[in-house]
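Participant: Provided below for reference: sequence and predicted model.
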Amino acid sequence: MTVTTEPVGALMRRWREHRRRSQLDVSLAADVSTRHLSYIETGRASPSRGMIERLCEELDVPLRERNALYLAAGFAPAHPERPFTDLGAAGDAVRSVLTGQEPNPALAVNVCWELLAANRAMSAFLHGVPPELTKPAINVLRVTLHPDGLAPRIRNLGRWRRHVLRRVRRQLDRTAAPGLAELLAELEGYPGPGGDPAEDGAASDASDDLAVPLRMATEYGDLALLYTTTVFGSPRDVTLDEIAIETFYPADPATARLLRAMEE
């Protein structure tokens, strides 16, 4: 849980500014007077639990950070944070989705891209990766872009690296999740295809006009994979709010055949 000694008004103002919204815009959308919102942000008024919830909903504040706002206002956190293994039906749903995607590789990660669960099809992608990169907690992006990890196997490393870094930057902007800025800095420091951290590498394939595929060499042959991201709707638990399921699908018939062969 994020712990802060800042007053609740300062935190609320920071999230409003982070979302690039004016006091007038937020007050109209949240059905609160601009004057009252200003008083909350400057500390002249103390928000109720209901007001915090209303403003957080309007500003799309992640549940972890909402708890910090409740604590700063003197209230108990509203959202529990259970271990992944204690999510009950939601955890079962994650495992069911992962298993149901086979032979397509799929995995579940938290907001900082630490591996929570994976299906059997994902194991082929970790084959040959140094043990120091696969010790718990495995960070999926570190394994993917580290020069001792999967990076040498990625045929379109420059393009894929650019895509991953843009995605993490957008995620950091949306969530401001603790630890994510440090992960982004680490990933940006890895060398690109030319050996220079600033070098992003090869040009796009003309065939990649639908989405950026992950093109990877394996002992079975080259794979071209598209991915989708699945999240839970209306989460109330912090852990569940931060889970994403990444599923990789074949981008061409040859990859579909190889994925089936790898399962056998």
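Facilitator: Alright, I've got the coordinates. Numbering: from 1, shown residues only.
Participant: who's in contact with the least confident helix or strand in the chain by mean pLDDT?
Facilitator: Scoring the helices and strands of the chain by mean pLDDT, DSSP states H and E places helix 131-134 at the bottom, with a mean of 90. Here helix 131-134 makes contact (C-beta atoms under 8 Å, 6 or more residues apart in numbering) with L126, R142, V143, H146, D148, G149. Any C-beta I mention is one placed from the backbone N, CA and C, and that applies to glycine too.
Participant: Next up, phi/psi of the first one, please.
Facilitator: Translated: L126. Per-residue torsions, L126: phi -100, psi 0 (degrees, to the nearest 10).
Participant: What's the local residue count around it?
Facilitator: The tally of other residues near L126 (other C-beta atoms under 10 Å) stands at 16.
Participant: and whichever helix or strand comes after the least confident helix or strand of the chain, average pLDDT?
Facilitator: Later in the chain than helix 131-134, the nearest helix or strand by DSSP states H and E is helix 140-145. Across helix 140-145, the average pLDDT comes to 96.
Participant: Go ahead and measure how far helix 140-145 is from the middle of the chain.
Facilitator: Its chain's C-alpha centre lies 13 Å from the corresponding centre of helix 140-145 when counted by C-alpha atoms, centre = their mean, to the nearest Å.
Participant: before we move on, back to that, out of the contacts of helix 131-134, the closest to A256 would be?
Facilitator: L126 (21.2 Å; C-beta to C-beta).
Participant: For the closest one, give its distance to L223.
Facilitator: 14 Å (C-beta to C-beta, to the nearest Å).
Participant: Just list whatever residues bridge to I245.
Facilitator: The partner list for I245 in beta bridges (DSSP bridges) reads A108, T230.
Participant: check contacts around it.
Facilitator: V94, V97, L98, A106, L107, A108, T229, T230, V231.
Participant: What of S46?
Facilitator: Contacts of S46 by C-beta under 8 Å, 6+ apart are V8, I40, A73, G74.
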